[in-house]
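In: Got a sequence here, can you model it:
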Amino acid sequence: FEELREKSQLIVITHQKRTMEIADSLYGVTMRGDGVSEVISQRIRESESAN
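Out: Just a heads-up that it's a prediction; the model follows:
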């Protein structure tokens, strides 16, 4: 899995907690009170080169 992770990018659309737990980054879309969509993101893991 780690080798595949280094060479690929994959976008998964899910609400499954386990799938989100193994992600490197999470992105979400939410709707503000004025009806405008907003994209939010959270980096979960630091890259190996950062260590």
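In: and the spatially most central residue of the chain, what helix or strand is that in?
Out: Centroid-nearest residue in the chain: residue 26, 2.2 Å away (criterion: Cα atoms, centre = their mean). For residue 26, the element it lies in under DSSP states H and E is strand 25-31.
In: got it, and residue 12?
Out: Under the criterion of DSSP H and E, residue 12 resides outside all helices and strands.
In: Please name the nearest non-neighbouring residue to it.
Out: Once flanking residues are discounted, residue 12 sits nearest to residue 19: 6.2 Å by Cβ to Cβ, 6 or more residues apart in numbering. Placement of C-beta: from N, CA and C, glycine included.
In: quick one: secondary structure of residue 19?
Out: Under DSSP: H, G, I helix; E, B strand; the rest coil, residue 19 falls in the helix class.
In: Okay, it and residue 38: tell me how far apart.
Out: Separation of residue 19 from residue 38 (Cβ to Cβ, to the nearest Å): 22 Å.
In: name the helices or strands packed onto the strand holding residue 26?
Out: strand 37-43 (3 or more Cβ pairs under 8 Å, 6 or more residues apart in numbering; DSSP states H and E).
In: Compute the inter-axis angle for the strand it packs on and strand 25-31.
Out: 160 degrees (axes from the mean of the first three to the mean of the last three Cα atoms, to 10 degrees).
In: can you pull the contacts of residue 29?
Out: Residue 29 is in contact with 37-40, counting by Cβ atoms under 8 Å, 6 or more residues apart in numbering.
In: same check, this time on residue 5
Out: Taking Cβ under 8 Å, 6+ apart as the criterion, residue 5 is in contact with residue 24.
In: got any ranges where this protein has weak pLDDT?
Out: 1, 46-51 (pLDDT under 70).
In: Next, the residue of the chain positioned farthest from its centre: phi, psi?
Out: Most distant from the centre of the chain: residue 34, at 25.4 Å, with distances by Cα atoms, centre = their mean. With angles defined as degrees, to the nearest 10, residue 34 sits at phi -90, psi 10.
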